[in-house]
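Colleague: What shape does this take:
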Amino acid sequence: MDQPQADAIRVPKDALRRFVYESAIHADIPDNHAALLSDLLIASDLRGIYSHGSRQIVRYVHEIRQGGINPRPNVTIAHETANSLVMDGDYGLGYFPAYEGTIKTIEKARRQGMAAMVTRHHGHIGAAGIYSRMTLQHDLLTFVTSGVQLYLNPDKSVVKAAGGSPMSFSSPALTEPPLVLDCGVTHDIQNNAPQFAPLTQIAPHAVLRAIGFGTICQSWGGLLAGLTIDSARFTSPYKAAHQGAMLFTFQISLFADVDQFKREMDEYARQVRKMKPIDESHEAFLPGGIEAQTERTNLRDGIPLGDAHRQDLESLANELGLKTPWNR
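Modeller: Residues are numbered from 1 along each chain as shown. Predicted coordinates:
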């Protein structure tokens, strides 16, 4: 989760959602896709994932207007079995094949016990946790990741081999917030991160583990989706449509009584909250706990937008001839 900036102002979710929707429409995204995209971006904002919330609409509009993304993709099923699915995004944003495919994969897992999906030929899918959270109400355990077309160079650090490395795991609970781990595993070790050099000295094995997790994201979410290590063989009519994704989900009931498992998850969450946090200014939570708390606050008080976030949206509003929610 991202921390809100000290200079943030709070904006009601419906007003912010309307701005994202209008921006998407101005970028020639059809109504049904614009509505879904705005819903998903605001859902990330509500949970405090501000890096992957409404601010991303700026990137998407520019990618579309610069010819990097197909604004009106025809999302199709490329291949299907009883418990597997390949979704083709037709070089549009990745949200659309990933969301539709997750719904279909949930249906397969409920019938078959477990199911997996791969998506291909698309751009950014947003936060991986969007899709792992979709499975929670169906008593499924889920892993999601995504890969990007790499351009490996022997002159670059091996960190680059891990790509962007998003991943999410989810596990439902009974009354406590569900466990939702949603992160970019190489975020803190990118070469331009100020902590990169110190980390390689202080915790080299942690750096190597992050790279290792990143290679799983890249192989399962990228190569499995048809991306290639030989970048010369990669072709796309839309230059920003260079990503793939993967989701695997299975029924708790294959291995345990569902209610008993969820009761144990509840107790797990309660016991963790009693433990000493790493940072004394925060409480201790299972992954997803603080996001659930943040969501309640943001639903009640509005979504906090820092100065840089507002400037990005204001710049887009000026470009499209729109008004931001705080300037209306």
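Colleague: dump the residue contacts of the residue sitting nearest the centre point of the chain.
Modeller: Nearest to the geometric centre of the chain sits A127, at 1.0 Å (C-alpha atoms, centre = their mean). By C-beta atoms under 8 Å, 6 or more residues apart in numbering, the contact set of A127 is 44, 49, 52, 166, 168, 182. In short, each C-beta sits where N, CA and C put it, glycine included.
Colleague: gap between it and H205?
Modeller: A127 sits at a distance of 27 Å from H205 (criterion: C-beta to C-beta, to the nearest Å).
Colleague: do the same with F248
Modeller: In terms of C-beta to C-beta, F248 sits 27 Å off from H205.
Colleague: Neighbour count: those two, which is higher?
Modeller: The residue with more neighbours, out of F248 and H205, is F248; 19 against 7, by other C-beta atoms under 10 Å.
Colleague: That one - that's part of a strand, no?
Modeller: Yes. Assigned with DSSP: H, G, I helix; E, B strand; the rest coil, F248 falls within a strand.
Colleague: Tell me what it is bridged to.
Modeller: Using DSSP bridges, the beta-bridge partners of F248 come out as A116, F143.
Colleague: check contacts around it.
Modeller: Applying C-beta under 8 Å, 6+ apart to F248 gives the contacts 114-117, 142-143.
Colleague: repeat for I278
Modeller: Applying C-beta under 8 Å, 6+ apart, the residues contacting I278 are A284.
Colleague: how about Y91, secondary structure?
Modeller: strand.
Colleague: Thought I69 was touching it, still the case?
Modeller: Yes. Y91 lies in contact with I69 (C-beta atoms under 8 Å); the separation is 6.9 Å.
Colleague: The two: who's more crowded?
Modeller: Taking other C-beta under 10 Å, Y91 and I69 do not tie; I69 has more neighbours (27 against 21).
Colleague: thought G184 was touching S168?
Modeller: No. Counting by C-beta under 8 Å, G184 stays clear of S168, with 10.2 Å between them.
Colleague: Run through the strands of the stretch 101-250 of the chain in chain order.
Modeller: Ranges of strands within the stretch 101-250 of the chain are 114-122, 140-148, 166-171, 179-184, 243-251, based on DSSP state E, counting those that start in this stretch.
Colleague: Out of the ones you listed, which gets nearest to G222?
Modeller: Among the strands of the stretch 101-250 of the chain, the nearest to G222 by C-beta to C-beta is strand 140-148 (2.0 Å).
Colleague: what mean pLDDT does that closest one have?
Modeller: Averaging pLDDT along strand 140-148 yields 98.
Colleague: before we move on, what about stretch 100-113?
Modeller: The predicted model gives stretch 100-113 an average pLDDT of 98.
Colleague: which residues make contact with it from outside it?
Modeller: Outside stretch 100-113, the residues touching it (C-beta under 8 Å, 6+ apart) are 75, 77, 82-85, 87, 115-117, 119, 131, 134-135, 138, 140, 247, 249-251, 254.
Colleague: Just the buried residues from these, in ChimeraX please.
Modeller: With 16 or more other C-beta atoms under 10 Å as the criterion, this ChimeraX line picks the buried residues out of the contacts of stretch 100-113:
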select :75,83,84,85,87,115,116,117,119,131,134,135,140,247,249,250,251
